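Peer 1: Provide a 3D model corresponding to the input given below.
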Amino acid sequence: MFKKYLFLTKPGILFGNFVTTLGGYFVATQGSVDFLLLLLTLIGTTLVVASGCVVNNVIDQDIDQKMQRTQNRALVKKTISVQIALAFALLLGILGFGILWFWVNAYAFLFAVIGFVVYVGFYSLWTKRTTIHQTVVGSISGAAPPVIGYTAVANQFDLGALLIFLGYAFWQMPHSWGIAIYRFDDYKNAGIPILPVARSIVRTKIESLFYIVLFAISMNALFVFGYANWLYCIILNVLTVYWLYLNIIGFKAENDQLWAKKYFLFSVLLITIISICFSFTATAPINNLVIF
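Peer 2: Below is the predicted model of the structure:
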């Protein structure tokens with residue numbers, strides 16, 4: 001029984017957002033970690049993300065039954081009712097938002113709300129089914145957790161938070177398209193107009209190149225403006241150059257699905273390493289522009 005509810009929260013997505021929340025938090029702490037605040041931030045953010053994932057499962061029942069990788073989900077198999085799933089999502093959301101509001105701060109709470117509303121309302125209910133721009137919308141919610149982690153410490157939205165938001169949002173684009181190419185038949189069968197299906201795999205590879213470059217610019221800006229040190233800069237650029245190399249050789253791939261699997265798995269490794277390395281590479285910026 002526990003396993004069914006756990007998988008309803010999409011553990012893979014929870015892990016990814018857990019890691020990126022760490023990244024944002026570590027940038028703001030600059031090496032001095034308040035472990036209680038870190039724990040509360042991680043728990044609150046994870047519960048909010050879990051709530052959104054459960055609601056997404058409810059919304060996507062018709063799509064999930066058409067996709068091989070999702071056709072055995074509990075709501076598709078009717079082993080959990082919609083009413084119970086929504087009650088579960090409500091409980092997770094109340095706990096998550098409550099922790100962020102009462103024990104973290106209003107900024108963390110605000111960006112959790114933004115991420116939740118964008119993921120459930122603008123992505124799951126609307127753009128995922130209607131436009132190729134769904135990935136752009138989804139990237140906004142995907143970039144919310146690292147900003148939650150950052151603002152939990154900084155208690156303000158400043159230049160560092162903006163760069164983190166942009167960097168993690170740009171990373172989402174080629175990462176998500178890599179999954180879509182790897183699972184191309186699933187997305188096609190479900191009628192989801194994501195870029196590789198709605199346009200072409202070649203166009204997707206071309207656009208992915210641009211987003212990797214934008215990711216590199218945004219994340220290097222953390223070094224330029226003094227939020228991270230030389231070691232971070234070296235790690236970031238070595239990983240990003242290899243990711244760019246994988247993208248380029250993808251144009252000659254004999255099997256797009258095999259290439260895409262390696263491509264998106266490396267994107268996960270890249271963002272995990274970068275997020276964790278902030279724990280020992282973050283520095284205090286000389287001039288920190290406060291936006292609000």
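Peer 1: pick out the residue closest to the middle of this protein.
Peer 2: With distances taken as C-alpha atoms, centre = their mean, G142 lies nearest the centre of the chain, 3.2 Å away.
Peer 1: and the gap between that one and I114?
Peer 2: Note on G142: its distance to I114, by C-beta to C-beta, to the nearest Å, is 12 Å. Just so you know, the C-beta spots here come from the backbone N, C-alpha and C atoms, and that holds for glycine as well.
Peer 1: can you give me the helices in the stretch 151-292 of the chain?
Peer 2: Counting by DSSP state H, counting those that start in this stretch, the stretch 151-292 of the chain has helices at residues 159-182, 184-190, 195-198, 201-224, 230-249, 256-281.
Peer 1: in CSV, list those helices along with mean pLDDT, distance to G16 and mean neighbour count.
Peer 2: Output for the helices of the stretch 151-292 of the chain, formatted as CSV (pLDDT from 0 to 100; distance: least, C-beta to C-beta, whole Å; neighbours: other C-beta atoms under 10 Å):
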stretch, mean pLDDT, distance to G16, mean neighbour count
helix 159-182, 98, 9, 24
helix 184-190, 93, 19, 18
helix 195-198, 96, 20, 21
helix 201-224, 98, 16, 19
helix 230-249, 98, 16, 16
helix 256-281, 97, 7, 19
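Peer 1: turn those helices into a markdown table, columns for distance to D34.
Peer 2: Listed next are the helices of the stretch 151-292 of the chain as a markdown table, based on distance: least, C-beta to C-beta, whole Å:
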| stretch | distance to D34 |
| --- | --- |
| helix 159-182 | 17 |
| helix 184-190 | 42 |
| helix 195-198 | 41 |
| helix 201-224 | 21 |
| helix 230-249 | 21 |
| helix 256-281 | 13 |
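Peer 1: what's the closest of those to T79?
Peer 2: Minimum separation from T79 across the helices of the stretch 151-292 of the chain (C-beta to C-beta) falls at helix 184-190, 20.8 Å.
Peer 1: what is the closest one packed up against?
Peer 2: The helices and strands touching helix 184-190, judged by 3 or more C-beta pairs under 8 Å, 6 or more residues apart in numbering; DSSP states H and E, are helix 195-198, helix 256-281.
Peer 1: what's the closest of the ones you listed to A154?
Peer 2: Ranking these by distance to A154, with C-beta to C-beta as the measure, places helix 256-281 first at 13.4 Å.
Peer 1: next, the angle helix 159-182 makes with that closest one.
Peer 2: Orientation of helix 256-281 against helix 159-182 (axes from the mean of the first three to the mean of the last three C-alpha atoms, to 10 degrees) gives an angle of 160 degrees.
Peer 1: follow-up on the earlier one: distance of the residue nearest to the centre of the chain relative to S176?
Peer 2: G142 sits 8 Å away from S176, going by C-beta to C-beta.
Peer 1: then N229?
Peer 2: 30 Å.
Peer 1: same question, F210
Peer 2: Distance check for F210 against S176: by C-beta to C-beta, it reads 14 Å.
Peer 1: now swap in L246 and tell me
Peer 2: 15 Å.
Peer 1: contacts only, for A28.
Peer 2: Contact partners of A28, counting by C-beta atoms under 8 Å, 6 or more residues apart in numbering, are 149-154, 160, 282.
Peer 1: list the buried residues for the helix or strand harbouring it?
Peer 2: In the assignment (DSSP states H and E), A28 maps to helix 11-29. For helix 11-29, a neighbour-count test (16 or more other C-beta atoms under 10 Å) marks 13-14, 16-29 as buried.
Peer 1: repeat for stretch 53-64
Peer 2: In terms of neighbour count (16+ other C-beta under 10 Å), stretch 53-64 has its buried residues at 53-60, 63-64.
Peer 1: sitting in helices, which of these do you find?
Peer 2: Among these, DSSP state H puts 53-59, 63-64 in helices.
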